[in-house]
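Engineer: Compute the structure for the input listed below.
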Amino acid sequence: MTRTSKDCMPAQRSIVICGGAFAGLALALALRQGLGRDIPVIVADPALASKPSRDPRATAIVAACRRLFEALGVWGQIAPTAQPITDMVVTDSKLDDATRPVFLTFAGNVEPGEPFAHMVENRYLIDALVARAEAEGIELRATAVASFDSRADGVDVTLADGTIIEASLLVAADGARSKLRERAGIATHGWDYDQSGIVVTVGHERDHNGRAEEHFLPAGPFAILPLTGKRSSLVWTENRTEAARITALGDDEFHGELEQRFGLHLGEVKALDKPRAFPLGYFVARSFIAERLALIGDAAHVIHPIAGQGLNMGLKDVAALAEVVVDAARLGMDLGQADVLERYQRWRRFDTMAMGVATNSLNFLFSNESTLLRTVRDIGLGLVDRTPPLKSLFIRQAAGLSGEVPRLLKGEAL
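Structural biologist: I've put the predicted structure just below:
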């Protein structure tokens, strides 16, 4: 795309999104839905050259974010490959305990017939988003954003292929190591957990029946998340050194470590892909905005996976930013002006900080071998399990349906 005319009104200029993963593509679709085709939306990411996606991971999509995908017209394509989570159990034990007592159970519905979450394999979700973006006429550029120059009335975005786009707004959806965030001089605060999350897909003899399991072990949570068929996705937390040792094991040795934690309740279990370890940490950008720039997803925040909310928080950013921008357009405002972006920041920062505090507290409470803390947490889990109103509150929170919910997360089109 070539440079647009200097005579264009700011609200009619392009919106450029740097990052073509879940958040960036979902935002592009939401903006196209709310703004129509008069305002060009461009997504730039070298990874867009790889089609179909080869991402082997899977993600829990909570009910609110499923509603977002439905409103954007992509859930129908994803649904046949998605596994509803119909039930969830939480246990707390030591690694060598003979039994794992269940302290908390969740029924899977937030509304009749609506599970509180689905497991979706990343490659299917990415491919569905790309296909929908192409069908909607969104410009997908398989190149990076090289630089940008913000000013009072717009932002000049230079792509790695030399193209210069004059835009009203630039969105950083380029991940935890965001180059745009760094170039804008936005600092982050947070810390490293000295933990890694081991991710692997396993097959098992018996059907999981849609049940998710979270085993709290001294090293951290061991989550078994159901996929379609007799398969599950594991998110397995260990300290950094132990995770490196486990992922370096041969197949037989790894199977022994896996079976010790997974158990035999679903019969014989087998790893279906190579286990990979990802370092875990927590950080939040000190600002979610700069001049003509908004951060979304991992560019704005990274949290511990203990609550399975990382991607869903990014999709909440998408829903909030899209609603703010579309509302501004309907009022004839400049889409990238400071007060528009400030509204987005106010909407998302408190929720982000609250979720960060919650996941940090959960990680401290459950990733240790303290007998006292184990007793306290087990009493707490038991109280929640025996208090239906409190349990219902937890389910709605986990499903992303509490607080001030953007329209897309209610399933309402913009």
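Engineer: Please count neighbours and contacts with C-alpha atoms only from this point.
Structural biologist: Will do.
Engineer: residue ranges with poor pLDDT in the stretch 301-414 of the chain?
Structural biologist: Applying pLDDT under 70 to the stretch 301-414 of the chain flags residues 306-308, 360-402.
Engineer: Can you show me the strands along it?
Structural biologist: Ranges of strands within the stretch 301-414 of the chain are 301-302, based on DSSP state E, counting those that start in this stretch.
Engineer: so what does the top helix by length along the chain touch, helix or strand wise?
Structural biologist: Longest helix in the chain, counting residues (DSSP state H): helix 338-366. If contacts are counted by 3 or more C-alpha pairs under 8 Å, 6 or more residues apart in numbering; DSSP states H and E, helix 338-366 sits against strand 220-227, strand 289-290, helix 310-330, helix 371-385.
Engineer: That one relative to helix 310-330, how many degrees between them?
Structural biologist: For helix 338-366 against helix 310-330, the angle by axes from the mean of the first three to the mean of the last three C-alpha atoms, to 10 degrees is 170 degrees.
Engineer: So what angle separates the directions of helix 338-366 and strand 220-227?
Structural biologist: Going by the same axes, to 10 degrees, helix 338-366 makes 110 degrees with strand 220-227.
Engineer: tell me the SS of residue 55?
Structural biologist: Assigned with DSSP: H, G, I helix; E, B strand; the rest coil, residue 55 falls in the coil class.
Engineer: for the residue nearest to it when sequence neighbours are not counted, what are its contacts?
Structural biologist: Nearest non-adjacent residue to residue 55, counting by C-alpha to C-alpha, 6 or more residues apart in numbering: residue 123, 5.1 Å away. If you count contacts by C-alpha atoms under 8 Å, 6 or more residues apart in numbering, residue 123 has them with 52-57.
Engineer: quick one: the helices in the stretch 151-300 of the chain?
Structural biologist: Here the stretch 151-300 of the chain has its helices, by DSSP state H, counting those that start in this stretch, at 179-183, 240-247, 251-262.
Engineer: Buried residues in the last one, which are they?
Structural biologist: This points to helix 251-262. Within helix 251-262, the residues scored as buried using 16 or more other C-alpha atoms under 10 Å are 254-255, 258, 262.
Engineer: now the second one
Structural biologist: Neighbour counts using 16+ other C-alpha under 10 Å place 240, 243-244, 246-247 of helix 240-247 among the buried residues.
Engineer: Could you check the angle that helix makes with helix 251-262?
Structural biologist: Going by the same axes, to 10 degrees, helix 240-247 makes 120 degrees with helix 251-262.
Engineer: I would like the residues contacting helix 240-247, please.
Structural biologist: Counting by C-alpha under 8 Å, 6+ apart, 194-198, 237, 254, 257, 275-277, 279 sit against helix 240-247.
Engineer: What of the shortest one?
Structural biologist: With C-alpha under 8 Å, 6+ apart as the test, helix 179-183 has contacts from 147, 172, 174, 187, 295, 299.
Engineer: related to what we said a few turns ago, out of the buried residues of helix 251-262, who's nearest residue 115?
Structural biologist: Ranked by distance to residue 115 (C-alpha to C-alpha), the buried residues of helix 251-262 are led by residue 262 at 24.2 Å.
Engineer: would you put the C-alpha positions of the helix or strand harbouring residue 42 in CSV?
Structural biologist: In this assignment (DSSP states H and E), residue 42 forms part of strand 41-44. Output of strand 41-44 as CSV, limited to C-alpha atoms (Å, rounded to 0.1, in the frame of the first residue of the first chain):
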residue,chain,number,x,y,z
VAL,A,41,-7.1,-2.1,8.0
ILE,A,42,-3.6,-3.6,7.4
VAL,A,43,-2.1,-6.5,9.4
ALA,A,44,1.7,-6.8,9.0
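Engineer: what lines up beside that strand in the sheet?
Structural biologist: Counting by DSSP bridges, the strands paired with strand 41-44 are strand 14-18 (parallel), strand 139-141 (parallel).
Engineer: which of those strands sits most buried?
Structural biologist: With neighbours taken as mean count of other C-alpha atoms under 10 Å, the strands paired with strand 41-44 reach their highest mean count in strand 14-18, at a mean of 26.
Engineer: Determine the set of other helices and strands touching the next helix or strand after the strand holding residue 42.
Structural biologist: Using DSSP H and E, the helix or strand that directly follows strand 41-44 along the chain is strand 58-62. Of the remaining helices and strands, those touching strand 58-62 by 3+ C-alpha pairs under 8 Å, 6+ apart are strand 117-121, helix 310-330.
Engineer: at 7 Å what do you get?
Structural biologist: Here strand 58-62 touches strand 117-121, going by 3 or more C-alpha pairs under 7 Å, 6 or more residues apart in numbering; DSSP states H and E.
Engineer: For the next helix or strand after the strand it packs on, buried residues please.
Structural biologist: Proceeding N to C from strand 117-121, the next assigned helix or strand is helix 122-135, under DSSP H and E. Across helix 122-135, burial judged by 16+ other C-alpha under 10 Å covers 122-130, 132-133.
Engineer: what is the orientation angle of helix 122-135 with strand 58-62?
Structural biologist: Between the axis of helix 122-135 and that of strand 58-62 there is an angle of 70 degrees, by the same axes, to 10 degrees.
Engineer: which stretches of this protein have low pLDDT?
Structural biologist: 1-12, 97-98, 108, 306-308, 360-402.
Engineer: rewinding a little: Serialize the helices of the stretch 151-300 of the chain to a markdown table and add fields for distance to residue 211.
Structural biologist: Output for those, formatted as a markdown table (distance: least, C-alpha to C-alpha, whole Å):
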| stretch | distance to residue 211 |
| --- | --- |
| helix 179-183 | 39 |
| helix 240-247 | 26 |
| helix 251-262 | 14 |
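Engineer: For residue 206, find the nearest of those.
Structural biologist: In terms of C-alpha to C-alpha, the element of those nearest to residue 206 is helix 251-262, at 13.1 Å.
Engineer: Surely residue 63 and residue 119 touch.
Structural biologist: No: judged on C-alpha atoms under 7 Å, residue 63 makes no contact with residue 119 at a distance of 10.9 Å.
Engineer: Of the buried residues of helix 251-262, which is the nearest to residue 322?
Structural biologist: The shortest approach to residue 322 among those belongs to residue 262, at 40.9 Å (C-alpha to C-alpha).
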